[in-house]
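# Here is a sequence together with a model predicted from it:
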Amino acid sequence: MPNALVVIPTFNEIENIERIIRTVFSLPKKFDILVVDDNSPDGTSKAVQSLKNEFSNHLFLEKRKGKLGLGTAYIHGFKWALQRNYEFVFEMDADFSHNPNDLLKLYDACELEGADVSVGSRYKTGVNVVNWPMSRVLLSWVASKYVRCITGLNITDTTSGFVCYKRAVLEKINLDKIKFIGYAFQIEMKFKAHLHKFNILEVPVIFTDRTAGVSKMSGGIISEAIFGVISMKFKSMFTKYEI
């Protein structure tokens, strides 16, 4: 069994899911894949199911009852991984905004370079984003600066959703106490890893906006990140904060 699991949350990713699965399985490093599908009406889970015979014992599907949020999908995947013998657990989008080839870089950062958490960073070496309008680039860049200022995280891309966690990190963080389910989930996980004094290493990657399917970004998700970060930092300073 491979020692690494890629968790891919999906909702209406029928246009991307087969290609992303085949691309990951074509890499020289062997990964298992867990797709956590939120009952996509477009048949995403059926497409995954149809591939399971071809990739038996390496492709897994967890189908949930409805659209419950990105953060809860990843928590579901993390707990699933911890029930098995994976040493490295990855977050990755289904839409090719994260280049599957960069899984190898994130893996090497944890396996060979001493990182406990490796982050695929859009901003470590400038602004490495393709196909985003300037307004969205600025929003994302300013958001990361804002989060860094509030939390003290020494990470240029605090909102990145392309991440590798060593098993020990997921075992240490109380996953049942993760509050946020949207955009802020990524920040909260990094913040708690930071509070536990895990070594977080950024790996420069190029982020390419999706060319198929529909973005799940919404105003509510952004609002959660803006106001949630302040609340999270405040609680960590002045109250008993479960990490």
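Noted; the coordinates are in hand.
# buried set for stretch 76-88?
His76, Gly77, Phe78, Trp80, Ala81, Tyr86, Phe88 (16 or more other Cβ atoms under 10 Å). All C-beta atoms are positioned from the backbone trio N, CA, C, and that covers glycine.
# and the nearest residue to the second one once chain neighbours are set aside, what helix or strand is that in?
The reference is to Gly77. Distances taken as Cβ to Cβ, 6 or more residues apart in numbering place Val7 nearest to Gly77, at 3.4 Å, with adjacent residues excluded. Assigned by DSSP states H and E, Val7 falls within strand 4-10.
# helix or strand right after that strand?
helix 17-25.
# Other residues contacting the strand holding Val7?
With contacts defined as Cβ atoms under 8 Å, 6 or more residues apart in numbering, strand 4-10 is touched by 17, 20, 24, 29-38, 40, 44-45, 48, 70, 73-74, 77-78, 80-81, 84, 86-94, 103, 107.
# Would you check which pair of the buried residues of stretch 76-88 lies furthest apart?
His76 and Phe88 (17.8 Å; Cβ to Cβ).
# all strands in the chain, in order from the N-terminus.
4-10, 32-37, 59-63, 88-91, 117-121, 129-130, 163-166, 200-204, 207-208 (DSSP state E).
# Just give me the lowest mean pLDDT stretch among these.
The stretch with the lowest mean pLDDT among the strands of the chain is strand 129-130, at a mean of 90.
# possible to save the strands of the chain as CSV with distance to Phe234?
Formatted as CSV, the strands of the chain follow (distance: least, Cβ to Cβ, whole Å):
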stretch, distance to Phe234
strand 4-10, 29
strand 32-37, 31
strand 59-63, 34
strand 88-91, 26
strand 117-121, 23
strand 129-130, 31
strand 163-166, 25
strand 200-204, 22
strand 207-208, 30
